[in-house]
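missing the sequence, but the structure's below:
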């Protein structure tokens, strides 16, 4: 034997090498290769070799003999491992006992601890000398084994404790293990002796009274009606559930069986548990564990949500493949569809059904499995109230493909399912019916009429019982005195009905609970456990996909919270149970009707501490803000508008709104007008009330997408400017506190002089004078006086003076924050509050004067602000022509030979005016002649024919004086296109369209660009 033979690549060679071993001369090599061996046949030969050449030198191999042999799942290998351990026990007893005790505590195999304990109990019993020095170690191992979840392991621990009969081991055992040990030893205490009879009663005495005591009533199971997480925690199953169903197969089966026994009788949010169970069921390869997983799927369906039930159906459909599990999987599918029949038409369900039932699918089920699938689908079709057309067509195609199959049960199930689908609109199943032959189609379409029962004699119906009508929301608040127990308002039977599979039973339970909660009586104490449990029962119904259950559930939850005496406790209770999150999500639900959304808004109001029809203070705390932020993050449509409008209305009740910054910025990016306006109104209200900080909004804006960030930043600037406007306060110089004898005429520079200006023109003149004199205090006073005037009365000349004064003053007072703020206010009023046509005309006048680059940049910014404001469009609609007159003057006075910012700005204004009111109105308002440069540009932009012949063959003839060469080329191309088409109002060709697009792109950029050569 050589080390190379033990490490050969072929397992046959390694087996022969182990079989040829006759001594333990090289024990280290044997131990090394035994630890690395994985092949079963070679491992059997290795264990036989260890038993054959057992020697003290092989003691280091004991852990691998125990792990790979004694704890092996294969019976033959386990017996060989036991023989090897017994052989080593004879040559190295102490080391063998140490290895077996270590195997009890550290074995990674589920069978390892019990196998080691059985070996110590029988063939490898520890010696007395070893027990005297290692009894504590053995006691610790046996106590750990006695507390295991496996029954075989606990029995092996009890047997070992009886076999060693050591007091130290017995004292460390759990109480139940001690009882079992005492019972096996025969130390069970004898029953108490019967009472002594005594002397007989004298004759004539009354008979002795005998009291028969009834046996004590069995205590109810603590898991019935209990919280789901608490019940699972008692079974050692805690979140996260994704890692709970891993490990050895028997441990997985034990946990899934615990879930199956607990989940059906508990309440709470089991969405995460349902997803974990579905994943375990779908990926489980062991048959016994798969059976337990299917039972767990059926049990958690009642506590799962829409996403969880969808995952359960997707996991259960492939389990119909196994004939032994098909009936159980079919029953589990029926349990899920009984709770939510609409799940059969879900997109994920249709995809899973296509993979399992469609012809040609790689994972198609056998005929018996497909028959079970169609039978389940048929029952779900009949119970579902909604059926999307696309899902109906997909199911109909799957059914029609198997309606003529040779397998009888499959053929009958497919026809029944297609017949159930035929009760839907015929257009959805028309194409599937056309795939069938006439005979099969007739069998599918024929409907058996149910036999009518024999006519019974008519009886007079009893008079209807008067039903108490519950008015909710109440018209006025009900004053409550005293306290009522939550279990009296919502008994256990009523709470259990809220989890009933039938939708009608749950609706009746909700109506009964609303009548009880809104009825007379005392208030609720939020510290009761039942108060918490009722809200946890209502939470999944508030988010139920069926709107018929959602509105009553919202009303019930609101009435329950309104009954709590302390409003702060009510808010904390709503946050603790997660009801405020479900309420906000129900408000923004896109599929909810207006009435259902109103019920969700009432519930959200109750979660914030305000009772219906009361004057309670509404408080939106951090939990409420986070819940609304989570709901708004992906909201859209009318639901988002409703929640944003409600939040803006109650902005004064919000304490901390920084959590709302990110979703509000997201909604400001919305392309739809209504959510965007509602979000802007909400931001404005929160900023004005001080609930939303500027830094939080800026941080959220930095994390938002780059595209569109500039527009949102401008909206936020407007919000901040409106929330904290600049107020000009005139300061009056204070008299010197010194006596006249000590006043040496020191100038009081701390006081700001007051400038009295009767008109804006005087204020602007005072600004220019202060700039010329270099007097900063005077500039500050003049700027404050100018900012105080109403800009709506400014004319074209006044706007020009305001722009000149603001730009010049800003350049002069770079380090004077007060003066710059006042001058910025003057510029803002001129650009946004003055008559828009006059402000744009003033900017064009200043640009026509060829200012320097800094001033031109300032004017370009002011002009951009004016053109982007909707007031510019309203000014054009009102036919205000100052800006267009200024455009005509620019075109007449500025040459097109050299690039000019004024000319580009005039082109931009003219292009926006043409888009708004058309070319004819622009020419009429500007007062330009038909052969003027402005008229030529406007006609070219609008694609209209010229009203005069234009010759451009000679370079000296320039009828388009003031218009750049690209516009002239555009006119010539447009004229050639009209001449070729022979139409006076023809559409430009593709080249002309490209030129128009290029021109509009160029005009939109207010910058200097060279003329494009023809």
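Looks like it came in fine. Since we're looking at a predicted model, the values are computed, not measured.

so where's the stretch 51-200 of the chain uncertain?
Within the stretch 51-200 of the chain, the set of residues satisfying pLDDT under 70 comprises 186-200.

chain center to whichever strand or helix holds residue 847, what's the gap?
Counting by DSSP states H and E, the element that carries residue 847 is helix 836-848. Chain-centre distance of helix 836-848: 51 Å, with CA atoms, centre = their mean, to the nearest Å.

show me what it is packed up against.
For helix 836-848, the contact count by 3 or more CB pairs under 8 Å, 6 or more residues apart in numbering; DSSP states H and E identifies helix 796-812, helix 853-868, helix 870-877, helix 882-893, helix 901-917 as packing neighbours. No exception for glycine: its C-beta is placed from N, CA and C like everyone else's.

residues in contact with residue 571?
Under the criterion of CB atoms under 8 Å, 6 or more residues apart in numbering, the contact partners of residue 571 comprise 607, 608, 609, 619, 621, 623, 624.

okay, buried residues for the host helix or strand of it please.
Residue 571 belongs to helix 567-576 when elements are defined using DSSP H and E. Within helix 567-576, the residues that count as buried by 16 or more other CB atoms under 10 Å are 567, 569, 570, 571, 572, 573, 574, 575.

average pLDDT for that helix, rounded please.
Confidence over helix 567-576, taken as the mean pLDDT, stands at 89.

which is the next helix or strand following it?
Next along the chain after helix 567-576, taking DSSP H and E as the criterion, comes helix 579-587.

who's in contact with that following helix?
For helix 579-587, contacts defined as CB under 8 Å, 6+ apart pick out 535, 538-539, 542-543, 550, 554, 557, 561, 573-574, 592, 596-597, 600-601, 603-604, 607-608, 623-624, 627-628, 630-631, 639, 642-643, 646.

next, the contact list for residue 572, please.
With CB under 8 Å, 6+ apart, residue 572 has these contacts: residue 526.

could you measure from it over to residue 380?
Using CB to CB, to the nearest Å, we find residue 572 at a distance of 41 Å from residue 380.

for the helices and strands packed on helix 836-848, which one sits closest to residue 497?
Shortest distance between residue 497 and the helices and strands packed on helix 836-848, using CB to CB, is found for helix 870-877: 56.6 Å.

can you spell out which helices and strands pack onto the longest helix seen in the chain?
Of all the elements of type helix in the chain, the one with the most residues (DSSP state H) is helix 128-146. Judged by 3+ CB pairs under 8 Å, 6+ apart, helix 128-146 is in contact with helix 93-106, helix 112-121, helix 151-164, helix 167-171.

and the ones you listed as TSV, adding mean neighbour count?
As requested, the helices and strands packed on helix 128-146 are arranged in TSV below (neighbours: other CB atoms under 10 Å):
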stretch	mean neighbour count
helix 93-106	20
helix 112-121	24
helix 151-164	21
helix 167-171	15
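
looking at these, which is closest to residue 327?
Smallest distance to residue 327 across the helices and strands packed on helix 128-146 (CB to CB): 28.2 Å, for helix 151-164.

distance check, the residue nearest the centre of the chain against residue 668.
Centroid-nearest residue in the chain, with CA atoms, centre = their mean: residue 630, separated by 7.1 Å. Noted for residue 630: a distance of 18 Å to residue 668, by CB to CB.

then residue 780?
Residue 780 sits 36 Å away from residue 668, going by CB to CB.
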